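Trainee: quick check, what structure comes out for this input:
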Amino acid sequence: MSYAIAEALQAAVYQRLRASSELDALIGDAIFDAVPPGTQAGTYVSLGPEDVRDASDATGAGAEHDFVVSVITDAAGFQTAKAVAAAVSDALVGASLLLSRGRLVGLWFLRARARRVEAGETRRIDLSFRARVEA
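Mentor: This is a model prediction of the structure:
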């Protein structure tokens with residue numbers, strides 16, 4: 001397997017998040033593939049790093065994509081960040097994403113890490129997911 005389906009998977013994840021009415025109610029259209037330059041105020045979601053490994057078997061070519069979706073906020077406490085993180089998880093876990101190339105076999109939550117960053121003024125939750133795709 002190759003990295004060939006990565007772009008199609010990322011586009012489908014991005015569209016799924018943008019289509020979530022729950023996320024829209026919480027953060028509007030503040031979902032970024034690339035965060036705009038400068039300091040961002042408020043709360044937003046950003047697509048992040050990805051690790052991919054071959055998962056081909058006797059039935060065909062495939063890959064596992066472990067990717068991160070980050071929730072970042074300048075709101076006090078973690079309540080806002082956790083509400084948005086829950087909405088991200090609800091939108092993605094078990095989703096039946098249609099890819100422009102290849103096929104999604106499954107999408108699972110792996111872990112999350114919540115922490116304070118930037119001298120404690122910003123809250124960040126990194127949600128890790130695994131997607132299994134086939135060519």
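
Trainee: just give me the longest strand of this structure.
Mentor: strand 103-117 (DSSP state E).

Trainee: buried residues in it?
Mentor: Buried positions in strand 103-117, judged by neighbour count with 16 or more other CB atoms under 10 Å: Leu104, Leu107, Ala112. (Each C-beta comes from the backbone N, C-alpha and C, glycine too.)

Trainee: nearest to Thr43, of those residues?
Mentor: Proximity of the buried residues of strand 103-117 to Thr43 (CB to CB) peaks at Ala112, which lies at 15.9 Å.

Trainee: torsion angles phi and psi at Ile27?
Mentor: Main-chain torsions, Ile27, degrees, to the nearest 10: phi -130, psi 10.

Trainee: now the closest residue in space to it that isn't next to it in sequence: how far from Val88?
Mentor: Spatially, and ignoring its direct neighbours in sequence, Ile27 is nearest to Thr43 (5.3 Å; CB to CB, 6 or more residues apart in numbering). Here Thr43 is placed at a distance of 12 Å from Val88 (CB to CB, to the nearest Å).
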